[in-house]
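In: Quick check, what structure comes out for this input:
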Amino acid sequence: MSLYEVPINDDTEVFLHNENEEEDITVIKEKVRKPFPKLQVFLALLCVLPEAFADSLTVPYIYNMVKEFGVAEKEEDIGFYVGLLGSAFYLSLCITNIFWGHLSDKFGRKPILLCNIVGTCIGTIVFGSSQTFHVALLGRFIAGSCSANGTVAKGMLGDVIDESQRTIGYSFYGVTWGLASMIGPLIGGALANPSSKYTIFNYDFWIKYNYLLPSIFVMTLGVISFFVSLRYLNEPAMEQNYNMLEDEYINLDETNMNNDKNDLNETSITLNNTNSNNNRNDTISSSMITDSLSSKKDLPFFESIKLIFSKSSWIAIVCYCLLSLATMLFFTVRFKKKKKKKNNNNNNNNNNNKIK
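Out: Next comes the predicted model:
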């Protein structure tokens, strides 16, 4: 008996092989659990914070912002324009999300994360410094089109976290968005229109750009995320298992892959007719490995999209759409109640004046 120990990833495979070709090969696998990559998970989630705050910071002041633009002829129409600003963010995100995900698979997670941070900061500053509705709409569209870090970060979490701990990593992603959605409106309300709240900001610049300070907060967070991630974030290995098999164990030229596959298929047919059941199963397994490696070559863009949109993906998309509709209905009802209360107060004041 001869003993061979070959490490592949975190698995240890021990082959006990007898020199007699009639005896089968026994394979023993032992799983080794990876340590949880705390730093890489933290940095991936840090890249998500700018876009999360860019969305939640606008909740307290976006209504007054649209009102000051004077774009709505009636006060009843302000909610419509507020909805346009919110829809512009998520419409651009919906259009570009798959595109950014495809680029992250092709060029790596880290450069796409950094590019999205820069784009989110630019769009947020454009929105915060806008003096007209159209410029604000453009800023929201830019910020939304560069807010795919949520998708890319989830892909990176799947790359760096062991399969047994992946659910914990994804739960941290949900916690990050939840904290940003909870803290964001508080910060946005505290920083909006600072000239009327804090004497240190009582200057003409802050009076003119009274909604710029929340955007500066997002930009500051984005700058910190950018440089920290640039220095410490590691690019995960893309297609690690496939590359290891192809480069270290198969070691075939790409130009000869199809020829080797055809030869292997012909050998499979011959051995199926002559050898025993065990040898036949080994031959079929070799053919399946070659087919699997060939199928993992780069697929066309639209073919990969077909694989992405499975039944579970559609269920998740429908759930997110329903959640977005519920959020829009909440703000619509909120603004209508606020307006109704204001009208009732005005009517009461008018009645009191008439009585006097």
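
In: ok, now which ones touch P185?
Out: Residues near P185 by Cβ atoms under 8 Å, 6 or more residues apart in numbering: S56, L57, V59, P60. In this view, the C-beta of every residue, glycine as well, is placed from N, C-alpha and C.

In: Excluding sequence neighbours, find me the nearest residue to it.
Out: The shortest distance from P185 to any non-neighbouring residue, by Cβ to Cβ, 6 or more residues apart in numbering, is to V59 (4.5 Å).

In: Can you tell me the SS state at the residue nearest to T58 when sequence neighbours are not counted?
Out: Counting by Cβ to Cβ, 6+ apart, T58 lies nearest to G188, which is 6.3 Å off, once chain neighbours are set aside. At G188, secondary structure determined by DSSP: H, G, I helix; E, B strand; the rest coil is helix.

In: sorry, back to before: out of the contacts of P185, which is most surrounded?
Out: L57 (29 neighbours; other Cβ atoms under 10 Å).

In: the strands in the chain, which residues?
Out: For the chain, the strands defined by DSSP state E occupy 2-8, 11-17, 26-31.

In: neighbours of A148, just the number please.
Out: 26.

In: Identify the residues contacting it.
Out: Taking Cβ under 8 Å, 6+ apart, we find A148 in contact with L93, T96, N97, F99, W100, G101, I112, N116.

In: Next, the contact list for the residue nearest to T58, please.
Out: Taking Cβ under 8 Å, 6+ apart, one finds S56, L57, T58, V59, P60, Y61, P214 in contact with G188.

In: how about a cut-off of 10 Å?
Out: For G188, the contacting residues are 53, 56-62, 211, 213-215, 217-218, by Cβ atoms under 10 Å, 6 or more residues apart in numbering.

In: Of those, which is the nearest to F89?
Out: For the contacts of G188, the residue nearest F89 by Cβ to Cβ is T58; the value is 8.7 Å.

In: neighbours around that closest one, how many?
Out: By the criterion of other Cβ under 10 Å, T58 has 29 neighbours.

In: One more: the one 3 residues further on?
Out: Burial measure for Y61: 19 neighbouring residues, criterion other Cβ under 10 Å.

In: Could you report the distance from it to L91?
Out: Here Y61 is placed at a distance of 21 Å from L91 (Cβ to Cβ, to the nearest Å).

In: Kindly report the same for P236.
Out: 30 Å.

In: Tell me which of the two has more neighbours.
Out: P236 (19 against 15).

In: any idea what sits nearest that one, other than its immediate chain neighbours?
Out: Using Cβ to Cβ, 6+ apart, the closest residue to P236 is D159 (3.6 Å).

In: Provide a list of residues in contact with V135.
Out: V135 sits next to F69, V126, F127, S129 when contact means Cβ under 10 Å, 6+ apart.

In: Let me have those residues in TSV, adding distance to G86 as columns.
Out: Shown next, in TSV, are these (distance: Cβ to Cβ, whole Å):
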residue	distance to G86
F69	15
V126	16
F127	12
S129	19
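
In: Need the max-distance pair from those residues.
Out: Using Cβ to Cβ, those span at most 14.5 Å, a distance reached by F69 and V126.

In: picking up where we left off before, roughly how far apart are the residue nearest to T58 and E73?
Out: 27 Å.

In: Check D55 too.
Out: 28 Å.

In: quick one, which of these two is more surrounded?
Out: Using other Cβ under 10 Å, the more surrounded residue of D55 and E73 is D55, with 24 against 8.

In: My guess is the more buried one contacts A88. True?
Out: No. Counting by Cβ atoms under 10 Å, D55 stays clear of A88, with 11.7 Å between them.

In: could you pull out the helices for the stretch 1-150 of the chain?
Out: 38-46, 49-56, 62-69, 78-107, 109-128, 133-145, 149-160 (DSSP state H, counting those that start in this stretch).
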